[in-house]
Structure formats: structure tokens, C-alpha cells
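> any chance you can model this:
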Amino acid sequence: MRLLTDALHELKQHYGVDILYGDRLVRGLSVPVNAIDQKADLEENLKLVLKNTGLQFRKVKNGAYVITGHRADKKLTSSTKGLSDGITSTSLVELVATETNARPLTTTPLASSLQAADQVIKGQVTGETSEGLPGVNVVLKGSTRGTTTDIEGRYQLNLPETGSTLVFSLVGYTSQEVVVGSRSTIDIQLAPDNKTLSEVVVVGYGTVKKSDVTGSLGSVSAKELTAYPTINAVQGLQGRTPGVQVLQNSGEPGSNLSVRIRGGNSLQGSNEPLYVVDGFALSGAPNAISPNDIESMEVLKDASATAIYGSRGANGVILITTKRGKAGKTQVSLESYYAVQQVNKKISLMNAQEFATLANERASNDGFAAYFTPDQISAFGQTPGTDWQDVIFRKAPMQNHTVSVSGGNENTQYAVSGNYFGQQGIIRGSGYNRENFRVNLNQKLGGKVRLFYNAVLTNTDRSQLLNDNGQKGSTVISAALGSPPTIGPYDNTGNYSYIKPYAFSPNSLENPLALAEARHQKNNEVYVLTNSAISYEPVKNLTLRSSVGIENSSLRGDFYSPSVITTTPAGSATITYGSRFNFLNENTATYIPQLSKDHDLTLLGGVTYQQEKGRSFATSSTGFNYEGLETGNIGVGSNPGVPTSTSYKWVLFSYLARANYSYKGRYLFTTSIRADGSSRFGVNNKWGYFPSAAVGWRIIDEPFAQNLRTISDLKLRLSYGVTGNTALSPYQTLFTLSPVNTVYNDQLYVGQLTGAQLTNPDLKWESTAQWNAGLDIAILRNRVSFTFDYYLKNTHDLLATVPLQQSTGYTSTIQNIGQIRNSGIELGLNATLVNTKAVKWDVNVNLSRNRSQVIQLAGGSDVFGTLLQQPLSVAVNLIRVGQPVGVFYGYQENGLDEKGAIKYKDLNGDGVITLADKTVIGNPNPNFLYNFGSTVSYKNFSLNMFWLGKQGGDIFNANLTNQASSMYFGENQIKDVYTNHWTAASPNPNAKYPKISANTSFKESDRYVEDGSFLRLKSVQLAYTIPTVKWDLKWLRTAQVYVSGQNLLTFTKYSWYDPEVNTLGGSNSISLGIDQTGYPSARTYTLGARIGF
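All right, here's what the predicted structure looks like:
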């Protein structure tokens, strides 16, 4: 025997029609496993599966079928009451437009009441297309009186004279309550309930029933992606599915985010997942796609799900499906929001009097004369001085506006949208604007041919703050934190003030406001993504599909630094151009053979070709007598630089195949293989092969599980597969030349060529072999669902730079050198705690834990990360065999000596502090990640909260190397330094900070390692859905207003701006957990509206 619900779902998938039913109506009913005849038509099979169940079916106007109890034009009986109850439950509805030759059936509404009534109410219930909805349950609230709408969506009901409230409900739609009052006619429109549309999920090169999934994947809906204001789709992924960590490299508008799926696999290569938008594999992140245009995102995590993408699947795959049109009347949707952003917190720094006092102490300790007089210090006590953080930070607006139009008929469906997003940064001088246009078109030609067209056109403008390669005080934030509070932003003439050096300081500091406002880095990008496809069904069950897509971007960057910036006293200008062209052709064949009733098989085969090429050009100049033009005419600079240009090209050719098999819907098997040939790798390793296999067991469908009334679903999954990572830039396997300038006989020779790297014909893919075991369980009629996954990943042939002997003439080369292991668990819980007619409360909890370990490196040699900025200028991240990836490496402090200097532990006992005394001092990898979401709805109100947390994961707070230091450059310090440092007048060996002196040595030590754990209220939203029918707003389909907040509360021990930081990490695993002048994330308050016509 098998569940009736499974049989009905199989019929829906096989014949491509809607079959609507109530959960309570079919609950507990079973049918023979052989009840479905694959050779029969739909209605014959419906008769077979409903035989002896006491149920019947009827076809309604839109081609759908409704399962009901046997009709009776009489008063409500227990069976009709069961139907009434059932329709109020939530069941799956798949909105599929289809043709059918089945003969229409008529219907008669249920009788309304057992009692006499004095008031007759009638009306029509329509759906999102304004067409009548059949089978809608219309019930008098608090009673058993009710009826259902006919095939036109019309109803009639007798009610008591006063005080009546009607409840309208239909599976797949959101229920509504309407107070009758004195009205005799009530027309109402129901909105689709999108939560019921998640049964079929997108996988690589196709779709699969959620019940048949054997791999590990997570789904993120459009509602979740836009739950709070997000710049791009990647930001909306944060905390939405277990095993996915979104790292915020910077809070600056337009900055990139880094995504880790089940930890990092590569040392120097990218650890970013592959993004696939409507079937097109992007070269980078989908930053140009508006979150409002996305229908869903599927995160493929294990190898059985990602192996179909072969050499690009090791870091996971994120499939993005954009919104499409549906058959029906044209719908117009508007969404707009306005937001205000502000910095979450400020750093507590010394005021003017404290700064002057400590500056004099620093001068005295090093033999300089006092810089400030007693009268000046006394005067500073009358005012706190300049708070440079208040100077650079601001309350910044953000806005987003989207207009979309969609609709179509049975043959043509379309969706067109336009979006504008504008964000000013919370630091002056930063901002980001995006204009986006998108079109999706589906066209059916006859019964066998379909055409698909998707296109996105995006223009972005970004005003960016600069770093200047670690120059002291060159970033706006570091300059603001270090600038003395004794000086203001402007001088007496109204010009930017010059932060002059003190007698003991060898360098001046930059004016933070001048860095933000006068120095410009502006980037403009025009981005186009277009993808066209045709599918053809030459014979039944065989579908051929061919697609051609193009991704093209053009980027211009304009940099100008005026003479008010001390590092560019004559002005400096640079212009850069870049272009990228990505072409993809994919050809697949999908065959679903007709086997016996117990067997389902889907076969996929394909061949793909992808090519990308790009160019870049840069020119610069200095010495501008007139600075008003900036980059408008770079030729007026008196000292032009040498122009530079680059170009590249790579090609990927692939074969792929996959088979999905199901026996009786209980025993599931998936296998796939992909062969990739890449131009990036050595001649001896051009091709890589990536197989996978997975099995699943739906225990809930076993005969012995039919009496498990509490358990609604139970499935075990096991998979294994191999994926790859193309962690190389083009030409890194080849002998290359690079231009140099040289002087011979006092003559400058420009653009001479010399060898840049040695050839390596044996370079190959980084290969990741992954095991995954999973459990899916649902109880209490699916009100509570739980997923568990355990995985083990081993990445071999790691690519990294290794040093060479001087005799080779080269300093280093790239080799396959080592192995990394990642293992972990993922837990997901979804529950409906309350589900009444007035109140519904849904919660979800995700938790994931990943452990990484370096298993092998060539020769056992350590690999170091990115250098910190001044004053340390060392690498603190380390890759070492036996350790987690990217641990912090430095010295352990051991208090202060009698002169107030820092003591370091002599770990090797040789009596001196050397490099041999360095050890692991921290781990940037978190112990576990977790999040909690809650949505409570009461009538027309809904409250959504989303909490995000991280336990463990140290941060190396490199900001303290400047703001808790010796004041060597005369920079300001945190207030804690003033109150808790060693002084000659009170020599305390347990003081937190050493003597303020240039002779005080600071090393990369555990002093700077802090706990990065946090719990943050990431978003909260209160929304009100306007009852358009009740208010007689017939011109409105839907309307909702909302207020929301982002990053409102943060609980953390971390001392700096933001624990969500990854300044140097980027896409690799070597430099995780560093915070050095990072741009903090903002606290945001939003007011918005969503309207549908």
C-alpha cells in the first residue's frame, strides 16, 4: 500500500495538472501500490486511486481537478463537515497551466446550515487572476455552517441576522475573514499562499520532487531574501540555510560578500560557490541581480548535488531562479522602501584633555619637550574637542523601488521589471547606485517546441573609499580614529586643516574629512546577462534543449587624489578600463522512459562549451596645476605614468550525464558524472572526471510505517562524490613574460621583457571527495520538520605558491602541494507552533558546525597569509599541518617588566625572544553558527524576527596596533589606554597597556586576539496587509505596508565596531578573521510598501 497523497502527487506530476484536496479529507487513506495505470488517461487513474475511498473528483473551469466527498444536496453530514475542515488545511498546489481532453463536470455547493436563518449572503470568490475560484470553503466563523463555491467561484449562504463573520479558505491560498455587517453581497479575492509551492525544487540542469531528493540542499524563498533591505542576493542568504556562512568583508556600499559552504577548500584559490542564474553559470557573484527579481535560490551542498558542475562544484553551487510570468490577467506590482542608516556603535577614544596629557607623557618618556602647556591642557578641559567619528559618520539614506509587470496566456508568459536602488554610505564619500532592467519570456510553439528568453541589464555607480596600501592614516576610518581631538576639520580660512606632526612624530596624519570628500574613487559598470533556450520534444518523454548565453561587463574606474592629501602633494589621477565577455552554450537531452508502475527513471545527458575573455587598461598622471578637471583630462598632468594593459582568455568544454531512479517511490538512487577539459591546466592534466552517487530510503512509505500516525515523513540519505576547483588564473601553467624597465649605460629602456614564471605541465584541479549522510523527518502532519546532515570532505592537490632555489632564477612557483579536511554537522528545524484561524506562528532554527584541519603540505612547510598594514606589517594567519585552516600565529605575552615594556613568553627556553617562540594564538574558524527566525501573524498583522549568531571564531583586532600603541605617529588612543597604562609614577606590572614610549616594542601577539562570538537581531519587520475587499478597493489586488529594522541589537564581547568582519579574507582561506580599519555595518530603519494591481 501507499499513501493516497503520494499517488495524487504522482498524477499531478505525470499529467501536468492541478489536483486540489484538503489534508484532513485524505489523511490516513492508502491505495494499492499498483493503483496507477501508466497507459490510462488522467480521469481513469483518478477513478482507480479514489476507488473505495468514499471520495470523488471533479474538473473545474481552469482545467484543475478538485477531490471532494460524494456530493449530496442536503444538510451537512459528518462527511461534508470533514470536507469543510479539510479545505481549511494547507496542502500543496502547483500552478501549472495545461490542456486536457477530460470531460468537464458540474458541481453543487454544500447545503449551508442545519438551522433556519434570516439573512442570505451571496457573492463570488476570485483568485490572483480575477477569475472565479471553485471549491473555496466559506464558513461562518465559530460554527459548522458553510458552503463551497461553484465552478464560477460563486456561493450563497444563509446566516444569522447580526454579528456574522465569514472565513474564506482554499488550499494554496491565504485565508481571509470578513465581517458581514448589513451587506447581502460579498465579493472577495484570495491571494496565493507561496509557502505551499515548495514541493518541486531546482537542481542542476533540471528539477526534482522534494520527496525524491537524495542530496543535501537548502532552499531560500523570495520572501526570505527580501525580509530586510539587502544590497544583493548574496546578503539575503545569510543565516537562511545551515552550513552556509556569509562573511562581510566590508560594510561599504557595493562591497562584495564572501560565502563559505561547509568551510573553505582552497588555500590561495577562491572558496566562493558557483552561481547559476536561470541556467547560466556566472564568473562571479550575482551582484548585478536585484533581490526583488529573484523567485528562489537553491543551495547545493553535497557532492551528489554539485558533481554535475564538475570542476567548479567543490565550493558548492547556488542556483538562482528569477521571477517569471504566469498565465492569466496582467499583474502590476510595485514595491518601494526608504531607509535611514547609522553606525551601530562608536569607539571610546580619549578627549582633547586626555590626549594632550598623554602626549606630554609620551614626550617626557622619550626625552622631548612637552608639546602642550598646562594652560592649553586646562582649556581643553572645557570642551571634549573634535570627535572625528562624528565628523566622518553620518545618517545616510537608502531607497529601493521596483516595478514589475507579468502575465500571459497558455502559450506565452512574460515578466518585465525595472529596479532602482540607491544607498549612501554611513561614512561620507561612499555610496552605491544600481539601475536594473529584466525581462523573462516563455513561448510555446505548438505542442512540442518551447522558447525561453531571459535578459538582465544593469548599470551601477559606486563611490568608494580607498586604502592606499596600508599607508598610515590613509583610510578614512583609521585617520578618524587617530586624528588628535585637539584639532578641527577646518582651519581659520575654511579649508581642510593640516594635521601637523608633533615634535616627536616623524609623519603627519591625513585629515579624515579630506580623505572622504576630496579624494575620489568612482567606478561605473554596465552589465548584461542574456540567455536564450529552445526545447523540443521529438517523441514522447524525450526533451532536447539547447541554450546560448552571454555575460558581458564593461567597467571604468576614475581615481583622483588632490593636493590637500599629503601623499599626493601635486595631485594624482588614474583611469582604468576593463571588459569581460563570457559565452556559454549548453545542449542537453532528458529522457523519461515509460517503465512498469513501480519504476521511475529520468536520464540526462549533455555537452557544454564556455569561453571567457577579458581586457584591462590603466593610465595615470601626477602634477596637476589645475585640479578642477580631475580625471576629465588626465593629459594635463605634468608627470604622466606608463600605461599598462592586460588580457586573458580561458575555455571549458564538458560532457555530463545523470540518472535518477525511484522504485515505488521508496528507494531512490541518483548517479552523475561530468568530464571537464580546461585550458587553465597543464598539458598533462587537461581533463578531469567528477563522478557521484546517492541513495535515499523513504521509510515513511514502507508498509510497516503506515501506522506511524505521528510521523508524517521519514527519509534517510547517503551520498558520495568528487568535485573540483579551478583555483588557477589563466596561463599559470605556462612560461610567461612580463615587462620591466631597466637602465643600461645611463639609458632607460622601457617595456623590456623578462621571464615571469616557470612552466608546470603537471598542474591539475583541486579535487574534493565528499561523503554525506542525512535524515529528513516530519511529525504532527508536517507541522514540525527536521533535517540532519553529517559530511566529511577531503580536498587533495591543493594549489599554493612554494619558494624556489635562487639557482632557478625565480623566487616561487605554483604547485599541487597538500590536503585539507572539513567535517561537520548541520541541523534544521521548521515548526508551526500555532495555527488557528486568527493566529499563526512559524519558527525555524538552523545550526551548523564545521571543523577544518590541514592534513598535508609539501615538505611540511608552513603557508602564511596576507601581510597586515603598518605598524606590524607581518602575516598572522598560518596554514600548518595538524591545525585548523588560517589560525593566528604570534607571540604570547607574559605581563610587563620593571620598565613598563611588554614581556613575551620564551617558549623554546633559549633566553631570547625569536621567531622560534611564536605559536598558535587564536582560531578564526567559529565553533558553530546558528540562527533563529520567527513569524507571527494575527489577522492582517505579521511580525517577523530573524536572529543571527556565531559561537567562537577569534578576531585579530589589528586596529589596536594603532589605537592602543606607543603614539609613535601622534595618533589618538582608546580611552582604556589612558586609564590603564604603565607609568613611572605608578609602576604597575599588571597594567593592561605598557609604557607610552617609542622604545616600547609591540609584536603580533595574543594581545590583539578577541572572542568574535555574537548574537545579533539581524532584522525585525512589522507588516500590515490592507483588506482590499473589505475596504472595497477593487482596483487593488494586494497591498501591504511595513516597518523594519536591521542590526538593531548585538550581544558580543568584541571591542571594535562590528564582529561580522573579514577585512583581509576575501575569497581565500588564508587570511580569515582580520579586522583592520574595516568599514562597519549599519543599523537601518525602513518604511516600505508592496502593492499589486
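
> residues making contact with stretch 689-697?
212-215, 302-304, 307-308, 310-311, 313, 666-676, 715-724, 772 (Cβ atoms under 8 Å, 6 or more residues apart in numbering). Every residue, glycine included, has its C-beta placed from N, CA and C.

> buried subset of these?
212-215, 302-304, 307-308, 310-311, 313, 666, 668, 670-676, 715-724, 772 (16 or more other Cβ atoms under 10 Å).

> so which of these are in strands?
668, 670-676, 715-724, 772 (DSSP state E).

> distance check, residue 799 against residue 726.
Residue 799 is 9 Å from residue 726, where distance means Cβ to Cβ, to the nearest Å.

> what residues do these two have in common as contacts?
Common neighbours of residue 799 and residue 726 (Cβ under 8 Å, 6+ apart) are residue 269.

> show me what the strand or helix carrying residue 948 is packed against.
Here residue 948, judged by DSSP states H and E, is contained in strand 941-952. Here strand 941-952 touches strand 926-938, strand 1014-1025, going by 3 or more Cβ pairs under 8 Å, 6 or more residues apart in numbering; DSSP states H and E.

> mind putting the ones you listed into JSON lines with mean pLDDT?
Output for those, formatted as JSON lines (pLDDT from 0 to 100):
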{"stretch": "strand 926-938", "mean pLDDT": "93"}
{"stretch": "strand 1014-1025", "mean pLDDT": "94"}
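
> which of the ones you listed sits closest to residue 977?
The minimum distance between residue 977 and those falls on strand 1014-1025, with 24.3 Å, by Cβ to Cβ.

> what angle separates that closest one from strand 926-938?
Interaxial angle, strand 1014-1025 versus strand 926-938 (axes from the mean of the first three to the mean of the last three Cα atoms, to 10 degrees): 20 degrees.

> for the residue lying closest to residue 417 once chain neighbours are set aside, report the pLDDT, please.
Among residues not flanking residue 417 along the chain, residue 404 sits closest, at 3.8 Å (Cβ to Cβ, 6 or more residues apart in numbering). Listed pLDDT for residue 404 reads 94.

> could you list the buried residues of the one helix or strand residue 404 maps to?
Element membership of residue 404 [criterion: DSSP H and E] is strand 396-408. Residues 396, 398-402, 404-408 are the ones in strand 396-408 that count as buried (16+ other Cβ under 10 Å).

> could you do stretch 922-932 as well?
922-926, 928-932.

> ok, residue 235 - contacts?
Residue 235 makes contact with 246, 257, 291 under the criterion Cβ under 8 Å, 6+ apart.

> how about the strands of the stretch 151-300 of the chain, start to end?
Ranges of strands in the stretch 151-300 of the chain, per DSSP state E, counting those that start in this stretch, are 154-159, 165-169, 176-179, 188-189, 200-203, 206-209, 217-221, 244-248, 257-261, 274-277, 280-281, 294-300.

> lowest-confidence stretch among those strands?
With a mean of 75, strand 200-203 has the lowest mean pLDDT of the strands of the stretch 151-300 of the chain.

> so what are the sheet partners of it and their directions?
Taking DSSP bridges as the criterion, strand 200-203 forms sheet pairs with strand 206-209 (antiparallel).

> now do the partner strand: distance to the chain's middle.
Shown here is strand 206-209, whose average C-alpha point lies 22 Å from the average C-alpha point of the whole chain (Cα atoms, centre = their mean, to the nearest Å).

> could you dump that strand to PDB, C-alpha only?
Extracted as PDB, the C-alpha positions of strand 206-209 are listed here (Å, rounded to 0.1, in the frame of the first residue of the first chain):
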ATOM      1  CA  GLY A 206      16.500  20.200 -14.100                       C
ATOM      2  CA  THR A 207      14.000  19.800 -11.300                       C
ATOM      3  CA  VAL A 208      13.200  17.100  -8.900                       C
ATOM      4  CA  LYS A 209      10.400  16.300  -6.400                       C
END
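
> can you pull the buried residues of it?
By neighbour count with 16+ other Cβ under 10 Å, strand 206-209 contains the buried residues 208-209.

> got the CA positions of the helix or strand harbouring residue 661 in CSV?
Taking DSSP H and E as the definition, residue 661 sits inside strand 644-663. The C-alpha atoms that make up strand 644-663 are tabulated as CSV, following Å, rounded to 0.1, in the frame of the first residue of the first chain:
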residue,chain,number,x,y,z
THR,A,644,49.6,49.3,-18.7
SER,A,645,47.3,46.7,-20.2
THR,A,646,46.4,43.0,-19.8
SER,A,647,44.2,40.4,-21.5
TYR,A,648,43.2,36.9,-20.8
LYS,A,649,41.1,34.0,-22.2
TRP,A,650,40.0,30.6,-20.9
VAL,A,651,37.9,27.8,-22.3
LEU,A,652,36.0,25.0,-20.6
PHE,A,653,34.5,22.1,-22.6
SER,A,654,32.4,19.5,-20.8
TYR,A,655,30.3,16.3,-21.0
LEU,A,656,27.8,15.4,-18.4
ALA,A,657,25.3,12.7,-17.6
ARG,A,658,22.9,11.9,-14.7
ALA,A,659,20.3,9.2,-13.9
ASN,A,660,17.6,9.4,-11.3
TYR,A,661,15.8,6.2,-10.4
SER,A,662,12.9,5.5,-8.0
TYR,A,663,11.4,2.2,-7.0
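
> in terms of secondary structure, what does it contact?
Against strand 644-663 (3+ Cβ pairs under 8 Å, 6+ apart) you get strand 599-622, strand 667-678.

> in the longest one, what's buried?
This points to strand 599-622. 600, 602-604, 606, 608, 610, 612, 614, 616, 618-622.

> give me the mean pLDDT for the strand holding residue 948.
Over the span of strand 941-952, the pLDDT mean works out to 94.

> quick one: buried residues of it?
Those would be 942, 944-951, for strand 941-952 by 16+ other Cβ under 10 Å.

> residues making contact with it?
Here strand 941-952 makes contact (Cβ under 8 Å, 6+ apart) with 227-228, 238-239, 923, 925-937, 1011-1025, 1059.

> in the stretch 251-400 of the chain, which spans are helices?
Here the stretch 251-400 of the chain has its helices, by DSSP state H, counting those that start in this stretch, at 303-306, 352-365, 374-380, 388-392.
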